[in-house]
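# just to be clear, the model below is a prediction. Sequence and coordinates:
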Amino acid sequence: MTEDHSISGNRIVIGVCSMNRKSRARPMKEILNRLRKYDSLQIITFQDDVILNEPVEKWPCCDCLIAFYSSGFPLKKAIEYAQLRKPFLLNDLTMQYDLMDRAKVYRILKKHEIPIPRYTILERNLDNENDGQISKISPIRNPWKDIDELEDILKVSGEIFHKPFVEKPVSAEDHNIVIYYPSSAGGGSQRLFRKIGSKSSVYKQESHVRRDGSYLYEEFMPTEGVDVKIYTVGPEYAHAEARKSPALDGVVERDIQGKEVRYPIILTAAEKTIARKVCLAFKQTVCGFDLLRANGKSYVCDVNGFSFVKTSQKYYNDCAQILGNLTANSVIKFFPRHMILSHFSPQQPIPLVISRKMDDVPLSIKVKNGLELRCVIAIMRHGDRTPKQKLKMHVNHEKFIEIFRKYGGSERKNLKLKKPKQLQEILDIVRELLFTFDSNQDKTIFESYEKLQQLRAVLEMYGHFSGINRKVQLKCMNKRIRADGNSNSSDDNRASRPSLLLIAKWGGELTPLGRSEAERLGCAFRCIYPSGQGEYSNYPGSGFLRLHSTYRHDLKIYSSDEGRVQTTAASFAKGLLDLECGLTPILVHLVKSNHTNRMLDTSTHAESLMMEVKSRLHEILQKDENFTEEDYAYLSSVKSNSIIAAMKMIGNPRRACQKVFELVRSLTKQLKGLIEISENQTEEPLLYMGESLVMMYKRWTKLEKEFKRNDLFEISKIPDIYDCIKYDALHNRDLRLDNIHDLYKAVKPLADIVIPLEYGITGEEKHEISEKICHNLFRKLRADLQHNICCDTESSNRLNPKYSQGVITPDRHVRTRLYFTSESHIHTLLSAIRDSKLCDASDKQWTKSMECMEDISELNYLTQIVFMLYEDPSQDVSSEQKYRVTLHFSAGDRLLEEQLGEKSIYRKVSENSNFNDKTSVKEAPSKKDGTDAPIESSTDDNSVFKARRYSSDNDIARIRATKKVTGYSSDVSSLLDQATLEQPIPMNGLIGVSSQPLIPTVYPLMTIHNSLTLSQVNSFLEAAIKSQDKFFEVLT
């Protein structure tokens, strides 16, 4: 500080040197107004005319300078002024040049051991890449001009990045950032840009990196759709806010003032240390930077420099207090000690020392009379899908051999091709061979012409490759294939050629109906959460959206690696969170599947036992006589009314199988006749999902051939026949095939026996199979439930009640874990629950629920098993009544039953249900003896129940309801049909949303039990885990 400072009135002069639009912005004005209340401080604001036009010698003198770069600001002049007057610099000016270069920013972060994503830099020598000041600070550091780009892989400077990865311009002034998605998730890219109205990004099909300019490439971090921005005011203070990531759906959420909605969140101790390091490393007292929370860790991905929080009054108070003290301490040697900040404003009682420990925010939940929802865990089956199909053929053409060798296939290593580029190469070969066949150019092609045609039809479906619904496998069958492409035999004839087995798999993908139903189920699922208070309480579903958007909700979504399961999870999340984007961004940002294969994917541990069970089923269902008493006793040894009912309908199992076979043969004859008719027409009719009549015919003829061989029935094909007839009865009914209803009725009772009993016939078998398949899932469920009474091991974005504004219940926090999987996990998990003896025989509710479960014959698409954990704040922590668990179940989709006019067994169960108390969860009364009453939901006796049917689902659009809310009852103790209700209405006892139509085709949740203790559920999970621990220890 120079001696020529003008110290008027013995006050410290703070100069604000920034462009007018920044110094006049609301956050700056709020803080400066607070600083002006200090008697020892004087504020001078430099105007644009002075900054831009006057020499630095004529700029006002000051003791402390607040100066920062923004567009148009002459940073070089500000540095000259600082060198001339030598004021205390709040933010170092020279370091602000580094902030304009992302490459330099990452270097500094790395040097100071601040965690950052893995990255590399590609610099191109382009004259017009940058202009003005920034070009001077971005020298070319790397000589190469290009990169090696494969379909899902990028190679730059020896670094390999698998999609998804992020591409950022080196210039920090360029905000056009791109995230490239893998082909397995649908490909394409998300283009981020500076906010334009209410958009901040857009999804594009383009998936190739940019070829001009200099870029920083970094590993993508799965942040679950949340961005965190941290604002420091000195190294000891950090304020954090979270917002919806612009990379998710690109929709900017704004408040009534038009500002982007952000909420303060709690920082961990490690994150506070990161904030301190960033502040010191860049010498920026007031500094904003972006943080990514991924996989339990935190990473800095951008440093913005001078930034203020936009709307927090408490932050403004804190900031003014800290800046005032910091300024005084910096210039204290030039002033009498007695006058330094001697007259503080009484409105500034902010402590100067800010702890860097983890914020300890007590959960002082004030619930007048009731329980507080703490955790929701749901395990769901995927939605409606196409039939799974397979084609096998031997190939030995040299072009197939070249493909096999090109992608690393060998005599011992099978090759799987599912990337779009790979499948396109196979399609090109098939087309070429078929052309050669048709033109008689080559007589040495030995591949089956008919199967090549079918393979072409499969690969040409939909007109594009999505990467998740088709795959081709190649296996070496005989002769050795060397790396040079030669075999150890001549090619004189077919027998001497190297032979490959080509296996094409397709189908099993989620249908448009499946996506739509999953999305609308997500909408409906919102309403099992608290309805909210104030203006949000009258709109069904909005309470959950408010809970989630204010970071009082910790959501994680897990999925197996099957495409249909992942797409179901993404569709459900789209409806649950009311997102306005395609599924690809949701798959990448929200759905976890990379590390769940041991938890949700098909397990092989129970394979041998299941094969034994299937062999016994095969033997029993071959008998040409009516089921005997021994058969009834054996097949229904685990009491099941649905299996007994199916056996009675079947009578003689062989005759039942023969009837199914004859009906399948009749169906194939009809299809063949339709194909002959269509050959005389100009266009062949396309069926649902683009399937042709020929492909549908081949699908059924394959089942016909495989179902009956050598006068024996292949019982394992019954689920496939049932799968296909359900699909065609629902989606291809316009063909008006005869006997399609008869085939459904004939095969359903057989399927009702075979499908559930594949997972065990006796109780011991069911128990062992379920524990082997669900072992890892049981472990995760136990951890989820224990979270509320143990330390959190997972990162979450949580609202900071100290800084929250406009949130009536800032201490409320709910944890949600959603698990999407396939039929095997649903059957085995439900078997484990039924066999668990969670409650003894004296528990009437449990006994009645188990009786109801015996009548449920099928666990259809979108079947749900839901655990809900409640906390009673009035109970002592050591009390067993502190935590209560409710267990709910839905048998999933019922659309086909409505289409075929079937009366559901499930509906019969609801008619017998006697759990109709009208007690609300919110009230949670107590019994007269002082013990807690069971948790039950309310119903609306005056609701009008209707059934809706869909005539077509090719393009089911999202419809926004205006005057009515359509939903299904959440009174999980009485199974009610769809309700149409006028709004506004309370959300207790109603599943509904204000923004979308809900699902009339999914069974409502029924309550299995509504007052389990947490220790009961833990005991069940512990027993299931321990019984298989030794088995898994041997495997590892």
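Structure's in. What do you need?
# who are the packing partners of the lengthiest helix in the chain?
As far as residue count goes, and with DSSP state H defining each element, the longest helix of the chain is helix 653-679. Packed against helix 653-679, as judged by 3 or more C-beta pairs under 8 Å, 6 or more residues apart in numbering; DSSP states H and E, are the following elements: helix 693-707, strand 712-713, helix 718-731, helix 740-757. C-beta here means a position set from N, CA and C on the backbone, and glycine is covered the same way.
# just name the shakiest helix or strand of the protein by mean pLDDT.
Among the helices and strands of the chain, strand 944-945 carries the lowest confidence by mean pLDDT, DSSP states H and E, at a mean of 23.
# ok so, going back, ok, which of the helices and strands packed on helix 653-679 comes nearest Ala242?
Closest approach to Ala242 among those is made by helix 718-731 (42.2 Å; C-beta to C-beta).
# how far off helix 693-707 does that closest one point, in degrees?
Relative orientation of helix 718-731 versus helix 693-707 (axes from the mean of the first three to the mean of the last three C-alpha atoms, to 10 degrees): 150 degrees.
# neighbouring contacts of helix 718-731?
Residues external to helix 718-731 that are found in contact with it (C-beta atoms under 8 Å, 6 or more residues apart in numbering): 384, 386-388, 511, 513, 657, 660, 664, 687-689, 696, 699-700, 703, 707, 735, 737, 740-741, 743-744, 747-748, 750-751, 754-755, 758, 895-896, 899-900, 953.
# same deal with stretch 186-196?
For stretch 186-196, contacts defined as C-beta under 8 Å, 6+ apart pick out 175-181, 200-207, 246-247, 250, 252, 260, 420, 466-468, 582-585, 587.
# which of these fall within strands?
Counting by DSSP state E, the part of the contacts of stretch 186-196 found in strands is 177-180, 200-204.
# out of these, which are buried?
Neighbour-count burial (16 or more other C-beta atoms under 10 Å) is assigned, among the ones in strands among the contacts of stretch 186-196, to 177-180, 200-201, 203.
# pick out the most distant pair among those.
The largest distance within those, taken as C-beta to C-beta, falls between Tyr180 and Ser200 and amounts to 17.7 Å.
# how far off centre is stretch 878-896?
From the chain centre to the centre of stretch 878-896 is a distance of 22 Å (C-alpha atoms, centre = their mean, to the nearest Å).
# could you list the low-confidence segments of the stretch 251-400 of the chain?
Across the stretch 251-400 of the chain, the stretches falling below the confidence threshold (pLDDT under 70) are 332-369.
# residue ranges of the strands in it, please?
Counting by DSSP state E, counting those that start in this stretch, the segments of the stretch 251-400 of the chain that form strands are 263-265, 286-294, 297-305, 372-381, 389-395.
# would you mark the buried spots in the third one?
Burial within strand 297-305, assessed by neighbour count using 16+ other C-beta under 10 Å, is assigned to 298-303, 305.
# likewise the longest one?
By neighbour count, and taking 16+ other C-beta under 10 Å as the criterion, the buried residues in strand 372-381 are 372-381.
# equivalent analysis for the last one, please.
Taking 16+ other C-beta under 10 Å as the neighbour-count basis, strand 389-395 is seen to contain the buried residues 389, 391, 393-395.
# ok, and what's touching stretch 13-31?
Outside stretch 13-31, the residues within contact range by C-beta under 8 Å, 6+ apart are 5-7, 32, 35, 41-48, 51, 59-68, 70-73, 78, 81, 87, 308-310, 313, 316, 319-320, 323, 327.
# if we go to 7 Å?
The contact list for stretch 13-31, computed with C-beta atoms under 7 Å, 6 or more residues apart in numbering, reads 32, 35, 41-48, 51, 60, 62-68, 70, 72-73, 78, 87, 308-310, 316, 319-320, 327.
# okay, and which of the residues you listed map to strands?
For the contacts of stretch 13-31, membership in strands holds for 41-46, 64-67, with DSSP E as the criterion.
# now Asn53: how far from Pro182?
Counting by C-beta to C-beta, to the nearest Å, the gap from Asn53 to Pro182 is 53 Å.
# which one's more surrounded, these two?
Applying other C-beta atoms under 10 Å to Asn53 and Pro182 shows that Pro182 carries more neighbours, namely 23 against 9.
# quick one, phi/psi of the more buried one?
phi -70, psi 150 (degrees, to the nearest 10).
# and if you look at Ser559?
Geometry field for Ser559 lists phi and psi as phi -150, psi 150, criterion degrees, to the nearest 10.
# distance of it from Ile773?
When distance is defined by C-beta to C-beta, Ser559 is 16 Å away from Ile773.
# and if you look at Ala269?
Applying C-beta to C-beta, one obtains 39 Å for the distance of Ala269 from Ile773.
# likewise for His618?
Taking C-beta to C-beta as the measure, His618 and Ile773 are separated by 21 Å.
# and which of the buried ones among the ones in strands among the contacts of stretch 186-196 is nearest Asn414?
Using C-beta to C-beta, Tyr180 is the member of those that sits closest to Asn414, with 28.8 Å.
# identify the residues contacting the closest one.
Applying C-beta under 7 Å, 6+ apart as the definition, the contact partners of Tyr180 turn out to be 163-165, 167, 189, 207, 209.
# how about a cut-off of 10 Å?
Applying C-beta atoms under 10 Å, 6 or more residues apart in numbering to Tyr180 gives the contacts 149, 152, 154, 161, 163-167, 187-190, 206-209, 217, 220, 588.
# can you show me the helices along the stretch 451-600 of the chain?
Listed in chain order, the helices of the stretch 451-600 of the chain (DSSP state H, counting those that start in this stretch) span 512-525, 542-549, 563-576, 583-589, 597-600.
# now the angle between helix 563-576 and the second one, please.
Put plainly, it is helix 542-549. 110 degrees.
# isn't Pro653 right up against Thr628?
No. Checked against C-beta atoms under 10 Å, the pair Pro653 and Thr628 is beyond contact range at 11.1 Å.
# on that earlier part again, quick one: closest of the strands of the stretch 251-400 of the chain to Glu851.
Each of the strands of the stretch 251-400 of the chain was checked against Glu851 via C-beta to C-beta, and the shortest separation belongs to strand 372-381, namely 22.5 Å.
# give the other helices and strands that that closest one contacts.
Applying 3 or more C-beta pairs under 10 Å, 6 or more residues apart in numbering; DSSP states H and E, we find strand 372-381 packed against helix 512-525, strand 553-559, helix 563-576, helix 775-786, strand 814-821, helix 823-835, strand 864-871, strand 883-890.
# again, 8 Å this time
Secondary-structure packing of strand 372-381 (3+ C-beta pairs under 8 Å, 6+ apart): helix 775-786, strand 814-821, helix 823-835, strand 864-871.
# what lines up beside that strand in the sheet?
Sheet pairing here is set by DSSP bridges, and for strand 372-381 it gives strand 814-821 (parallel), strand 864-871 (antiparallel).
# ok, residues contacting the first one?
This means strand 814-821. Counting by C-beta under 8 Å, 6+ apart, the neighbours of strand 814-821 from elsewhere in the structure are 373-382, 529-530, 547, 552-560, 565-566, 568-569, 572-573, 591, 599-601, 777, 780, 784, 787-788, 796.
# I'd like to know which of those residues are buried.
Burial by neighbour count, 16+ other C-beta under 10 Å: within these this picks out 373-382, 529-530, 547, 552-560, 565-566, 568-569, 572-573, 591, 599-601, 777, 780, 784, 787-788, 796.
# just to revisit the earlier point, ok, Pro653 and Thr628, which is more surrounded?
Regarding Pro653 and Thr628, a neighbour count based on other C-beta under 10 Å identifies Pro653 as having more, with 24 against 11.
# and that one, what does it touch?
For Pro653, counting by C-beta under 8 Å, 6+ apart, the contacting residues are 620-623, 627, 750.
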